[in-house]
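**Q** I need the structure of the sequence given here:
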Amino acid sequence: MVIWSMVCISTSLIVLLLTFSKKTPLIMARTVWSPVILWLAKTKTEFNGLEHIDKNKTYIVVCNHLSYLDIPTLFRVLPLNLHFIGKHQLKKAPFIGWYMRATGMIFINRENTRAASKSLDEAALLIKNGKTVLIFPEGTVSETKIIKKFKKGGFSLALKSGVDILPVSLKGTSDIWPTNTNTKFNRGTVKINIGQPISVGQLDINDLTRSTQKVVEKLQAMN
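**A** Residues are numbered from 1 along each chain as shown. So this is what the prediction gives:
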């Protein structure tokens with residue numbers, strides 16, 4: 001998986017240099033990188049709700065987090081060019097950092113409150129201008145498979161950008177790729193449920209706690 005990821009990142013960066021298109025590496029991640037990762041992990045996917053996605057719209061995709069396999073699964077299933085929000089330290093990381101910078105991923109400096117707030121404002125503008133962003137509001141994988149308390153940053157971002165939230169629930173990735181190993185995989189099926197988009201007009205920026213809980217409850221009902 002590591003070798004394949006390095007090959008794909010290197011190839012996509014070369015293609016980017018030749019085409020000057022930041023979308024091409026994202027398309028390659030969906031159509032070339034992720035299918036092989038899922039094949040190596042002995043994974044099958046079952047999904048429903050694709051009819052809820054308008055390929056011409058921009059979303060903030062909100063999903064529960066169970067395993068390292070979540071990202072390639074979502075890349076493979078969702079017909080969207082997904083961007084991520086990453087720690088600013090990742091900018092200097094070999095391969096993954098190069099890829100994220102080249103494709104216009106969003107970096108947040110969480111160590112500095114003022115810098116983080118400015119980064120969120122900049123990120124909201126980028127999303128408003130056409131970037132679909134995937135966030136895992138739990139902040140880390142859930143080893144118990146129970147949806148943890150959501151952090152509010154992603155929802156604040158949605159409210160600032162005015163972009164609809166697309167709720168997505170995952171089941172089964174942690175059974176195939178448990179969080180306690182990087183060498184043992186179990187054959188299995190991942191189930192993905194895609195919900196109807198939630199308009200930010202239904203959420204209240206003055207009560208992020210209540211707005212966040214509303215999305216948590218929707219994901220729990222889908223899971």
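**Q** could you list every residue that touches residue 175?
**A** 186, 188 (C-beta atoms under 8 Å, 6 or more residues apart in numbering). Bear in mind the C-beta positions are built from the backbone N, C-alpha and C, glycine included.
**Q** Looks to me like it is in a helix.
**A** Yes. If the criterion is DSSP: H, G, I helix; E, B strand; the rest coil, then residue 175 is within a helix.
**Q** quick one: residue 124 from residue 91, how far?
**A** 20 Å (C-beta to C-beta, to the nearest Å).
**Q** So between those two, which is more surrounded?
**A** residue 124 (21 against 14; other C-beta atoms under 10 Å).
**Q** which stretch of helix or strand covers residue 83?
**A** strand 82-87 (DSSP states H and E).
**Q** now for the next helix or strand after that strand, which elements pack on it?
**A** On the C-terminal side of strand 82-87, the nearest following helix or strand under DSSP H and E is helix 96-102. For helix 96-102, the elements it packs on are helix 2-19, judged by 3 or more C-beta pairs under 8 Å, 6 or more residues apart in numbering; DSSP states H and E.
**Q** Kindly export the helix it packs on (C-alpha atoms) in PDB.
**A** The C-alpha trace of helix 2-19 is given here as PDB (Å, rounded to 0.1, in the frame of the first residue of the first chain):
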ATOM      1  CA  VAL A   2       2.800   2.400   0.900                       C
ATOM      2  CA  ILE A   3       4.700   1.700  -2.400                       C
ATOM      3  CA  TRP A   4       1.500   2.000  -4.400                       C
ATOM      4  CA  SER A   5       0.600   5.300  -2.700                       C
ATOM      5  CA  MET A   6       4.100   6.700  -3.300                       C
ATOM      6  CA  VAL A   7       3.900   5.700  -7.000                       C
ATOM      7  CA  CYS A   8       0.500   7.300  -7.400                       C
ATOM      8  CA  ILE A   9       1.500  10.500  -5.700                       C
ATOM      9  CA  SER A  10       4.700  10.800  -7.800                       C
ATOM     10  CA  THR A  11       2.800  10.100 -11.000                       C
ATOM     11  CA  SER A  12       0.000  12.500 -10.200                       C
ATOM     12  CA  LEU A  13       2.400  15.300  -9.400                       C
ATOM     13  CA  ILE A  14       4.200  14.700 -12.700                       C
ATOM     14  CA  VAL A  15       0.800  14.800 -14.500                       C
ATOM     15  CA  LEU A  16       0.000  18.100 -12.600                       C
ATOM     16  CA  LEU A  17       3.200  19.600 -13.900                       C
ATOM     17  CA  LEU A  18       2.400  18.600 -17.400                       C
ATOM     18  CA  THR A  19      -1.300  19.600 -17.400                       C
END
